[in-house]
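1. one predicted model, sequence on top.
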Amino acid sequence: MKFLPLIWRNLLRNKLRTALTCGAIGLAIALVCLLLTMPSGLDALLNRVASNTRVVVHNEAGLVYPLPYSYLQKIRTLPGVVGAASWTWYGGVFEVEKGVTFPNFAVEPEAVGVVWEDWGIDAKQLEDFRRYRNAAIVGRGTLRRQGWKLGDQITLKGTLYPVDLQFRIVAEVPNDRAPFLLFQREYLDQALRAAGRGGLDTLGIVYLRVDDPSRVGPLLGQIDSMFRNSEAQTASETEKSYFASFFSMLSAFVTIILIVTGLVALCIVFIAANTASMSVRERLGEIAVLKALGFGRRLIFATLVAEAVILAGLGGAFGALASLGFTALLHARATTWNSSLGPLGSFIVTETILVQGLFLALFIGMISGVVPALGAARRSVASTLREVF
Amino acid sequence: MLPLRYPLANLVARRTRTVLTVSVVALVVVATTLFGGLVSSLKRTFVASGSPRNLVVLRKGATNDGSSAVPLEAYQAVRFFDGVARDSTAQPLASAELVVQPFFHTPAGGRENVLVRGVEPVALAVHDEVKIVEGRMFQPSSGEVILGRGVAGRYVGAALGSKIHFGHGDWQVVGIFDAGSSSLESEVWADVRELGNDAKRSVPYSGVRLRVADGADIDALARRIEADPRWALEASRETDYYAKQAESANVFYVIVIGLALLAGIGAAFGATNTLYAAVQSRRAEIGTLRALGFSRAAILVSFLIESLAIALLGFAVGSLAGAVLGRVVSWWLGGIAFGSQTFSTNVVQLRVGATDLVFGFALALAIGLLGGLAPASRAARLRPVEALRKA
């Protein structure tokens, strides 16, 4: 411990170099920490948007394969199911040139309040949604982006169905998780009949809510076995695993991110090792004098390694904290800048990542310091002093 | 001017230091070219898709054929419009297509949405980049399919001669097709009527692809299709259609640029350190050179050349390693699967391309210049008398 001041003095000897090395290590550690948030950020994102009591039932063949509408009735009456709603893609576009800018689905208005209880839609607005045939619920982000307010009339052009629908916005989903527009299934059904296309006898997927999370597991199997020998087999899953399947195609991308993280970490080793070897080389004479005065090899070795570790540790702490601050800022501000940035708020540097980044820095400091320190400790005093003086 | 040999010989003199700094630059170049290559490979598969002589006809407002529906009558009318190319038997080169995205199962037990395109045999003449390389074209109404190269081998049963399960049944694989590394290679083709029955679609088609006759005006044809009051249709050049799909990759560029910036600044710090040390240990030399009459500019340029040489060496090593690593990763993962806008899987071969290399080169150059500037100017500002006295 009493050698700490010596180590500290050595670090301050070339302030510019120490600062630059610290900066380089800090940047690299910040980068590693940010990249490490990607896999767990996806998971956090899923946990934030998905409920553990909501279940999704879709066609086993794929999401674009419809299910018969009669399935909703059968699912709704199962024990443990509090409410169920069908969810059918309308594919309406507001401005034809831009395509579908927000997803829009036909649902049963009575079920919305129960199935998406956690969305916290105002009770009076829900009542209006049930009452008016052309009513629509719109997510807050979409409302803001389009500059709409409650009471506005809008028309969507159908891309999959040959009917255009006019809506009146009566309710808002007061959070950024739901960018959708939801409307009454009856409305689409009647419009199709009026256009001579027959009614709507299929549905996209079924969302249902279970009274107790522990009943979810058995219920999934029960639903799928109920429809095993029917015209369309179902695949039921929790809302979280359903959302996860949208991200699973990015798994290869995550692999590349991890490889790049490894490369950047290796980069820090080289930067730190370079600094360590430079500062040892410049101090060879001094080290020889210390040894001539009677300080042991081990001590010399230990102080030099400690110097590298402290330097890397400082840089690492600086970098890890910077990444923490950056993600905290994103978390707090992302949605106020632009609601489409909302998901970025889920990529948070957690305590685990902070500790991982710090330990990576310390470990790197150690391995980068060992080789030059070993060389300096081993060098013979006589030959060094002869060279220097 | 100092001879070029001087800065280069200095690199060799401090070998460890040079190797370490070169490695830092090389690693930064590897990381950015690899990441950039991933994104540009994805873009490339889209940009390589489609022909400038083809039109994509969809329902107005639909951004891709997965979210469009076109009735039979519309197809029947459009195919006989003036300007649609004909084959030798005077049949119009118009391909009515139905797109669905069923789940395909990977051997590991996962599932992916794959784009299955229901077509008629005329599709091979319209999409002339598609070539059957193994087996043959499917026979209509016989439960047969052909697979794109990216799909073959990726899923359970996805091989010539075996049965593959998707939708509501099992399908016999009778052919494998190549589509010049375009996104069509990640598709499966089946008979359009059979696919429609399997998916229980009430509207038979998603869209129509038209080949425009030689000499005909493609824009005039597109305008005529869009102006037809009977159906709300939209016609765009196939190349424009795929270019629009490629825009979905742009978000990833933000990550790549952020990564390159952070890592690049870090590497520039490392290079600065190395050169400051070089200036420090060569004070006497620099003093002597100045005393001999070499100008400040000559010293500055010499140190900048040293720094740039380190950066360019790093680029050379890094780009080579990046290209090799890209191929290895791509081979190891069996192609990299991306979910596209239509939620169907695109299997991409990771290749580091020319633009990624240019980007890496620019980054290395910036690292060399930024890292070299401060130490070089310190060297140039050394006063010869002081430098020599201290030495």
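-> Structure received. Numbering: from 1, shown residues only, chains lettered A, B, ... in the order given.
2. what sits against the closest residue to A:A85 other than its chain neighbours?
-> Closest residue in space to A:A85, ignoring its immediate chain neighbours: A:A111 at 3.7 Å, by CB to CB, 6 or more residues apart in numbering or on different chains. Yep, even glycine has a C-beta here, placed from its N, CA and C like the rest. Listed by CB atoms under 8 Å, 6 or more residues apart in numbering or on different chains, the contact set of A:A111 reads A:83-85.
3. and B:T106, backbone torsions?
-> Main-chain dihedrals, B:T106, degrees, to the nearest 10: phi -80, psi 160.
4. same question but for B:G135, I mixed them up
-> According to degrees, to the nearest 10, B:G135 has phi 70, psi -150.
5. cool, and B:D191?
-> Torsion angles at B:D191 (phi, psi; degrees, to the nearest 10) stand at phi -70, psi 130.
6. thought it was touching B:A123?
-> No. In this structure, B:D191 is not within contact of B:A123 by CB atoms under 8 Å, at 10.5 Å.
7. tell me where chain A has helices.
-> Along chain A, the stretches classed as helices by DSSP state H are A:4-13, A:15-49, A:70-76, A:109-115, A:123-131, A:140-146, A:185-194, A:216-226, A:239-247, A:251-282, A:284-292, A:297-337, A:351-378, A:381-388.
8. in a markdown table, list these along with mean pLDDT.
-> Formatted as a markdown table, the helices of chain A follow (pLDDT from 0 to 100):
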| stretch | mean pLDDT |
| --- | --- |
| helix A:4-13 | 85 |
| helix A:15-49 | 83 |
| helix A:70-76 | 93 |
| helix A:109-115 | 93 |
| helix A:123-131 | 94 |
| helix A:140-146 | 86 |
| helix A:185-194 | 94 |
| helix A:216-226 | 92 |
| helix A:239-247 | 80 |
| helix A:251-282 | 80 |
| helix A:284-292 | 86 |
| helix A:297-337 | 85 |
| helix A:351-378 | 87 |
| helix A:381-388 | 74 |
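9. can you redo those as TSV with distance to A:P103?
-> Below are the helices of chain A laid out as TSV (distance: least, CB to CB, whole Å):
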stretch	distance to A:P103
helix A:4-13	56
helix A:15-49	14
helix A:70-76	20
helix A:109-115	15
helix A:123-131	17
helix A:140-146	9
helix A:185-194	15
helix A:216-226	24
helix A:239-247	12
helix A:251-282	23
helix A:284-292	68
helix A:297-337	19
helix A:351-378	32
helix A:381-388	73
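10. which strand or helix spans the most centrally placed residue in chain B?
-> Centroid-nearest residue in chain B: B:S41, 1.8 Å away (criterion: CA atoms, centre = their mean). Assigned by DSSP states H and E, B:S41 falls within helix B:15-47.
11. mind listing what's buried along that helix?
-> Across helix B:15-47, burial judged by 16 or more other CB atoms under 10 Å in any protein chain shown covers B:17-18, B:20-47.
12. can you narrow these to ones near chain A?
-> Among the buried residues of helix B:15-47, proximity to chain A is found for B:17, B:20-21, B:23-24, B:27-28, B:30-31, B:34-35, B:38 (CB under 8 Å from any CB of the partner chain).
13. those residues: which two are farthest apart?
-> Spanning the widest gap among those are B:R17 and B:L38, at 32.7 Å by CB to CB.
14. and stretch B:124-132, how far out from the chain middle?
-> What separates the centre of stretch B:124-132 from the centre of its chain is 22 Å, taken as CA atoms, centre = their mean, to the nearest Å.
15. again, but for stretch B:90-102
-> 27 Å.
16. re the thing from before, isn't the residue nearest to the centre of chain B right next to B:T355, touching?
-> No. Using CB under 8 Å as the test, B:S41 is too far from B:T355 to be in contact (10.9 Å).
17. so what's the residue nearest to the centre of chain B up against?
-> When contacts are counted by CB under 8 Å, 6+ apart, B:S41 touches B:336, B:348-351, B:353.
18. and if you look at B:L357?
-> Per CB under 8 Å, 6+ apart, neighbours of B:L357: B:33, B:319.
19. what's the closest non-adjacent residue to B:A232?
-> For B:A232, the closest residue by CB to CB, 6+ apart turns out to be B:K60, at 4.1 Å.
20. from B:K244, how far out is that neighbour?
-> According to CB to CB, to the nearest Å, B:K60 stands 15 Å off from B:K244.
21. so which bits of stretch A:283-300 are buried?
-> Buried, per 16+ other CB under 10 Å, within stretch A:283-300: A:283-284, A:287-288, A:290-291, A:300.
22. near chain B, which residues of the stretch 1-150 of chain A show up?
-> Contact residues, the stretch 1-150 of chain A versus chain B (CB under 8 Å from any CB): A:16-17, A:20-21, A:23-25, A:27-28, A:30-31, A:35, A:60-66, A:91, A:93, A:96, A:99-100.
23. among those, which ones are buried?
-> A:17, A:20-21, A:23-25, A:27-28, A:30-31, A:35, A:60-66, A:91, A:93, A:99-100.
24. so what does the helix or strand of chain B with the lowest mean pLDDT touch, helix or strand wise?
-> Across the helices and strands of chain B, the lowest-confidence element by mean pLDDT, DSSP states H and E is strand B:336-339, at a mean of 72. Secondary-structure packing of strand B:336-339 (3 or more CB pairs under 8 Å, 6 or more residues apart in numbering or on different chains; DSSP states H and E): helix A:251-282, helix B:15-47, strand B:345-348.
25. now these in a markdown table, with distance to B:S377?
-> Formatted as a markdown table, the helices and strands packed on strand B:336-339 follow (distance: least, CB to CB, whole Å):
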| stretch | distance to B:S377 |
| --- | --- |
| helix A:251-282 | 20 |
| helix B:15-47 | 19 |
| strand B:345-348 | 45 |
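26. what's the closest of those to A:I367?
-> Among these, the nearest to A:I367 by CB to CB is helix A:251-282 (6.4 Å).
27. buried residues in that closest one, which are they?
-> A:252-253, A:256-257, A:259-261, A:263-281.
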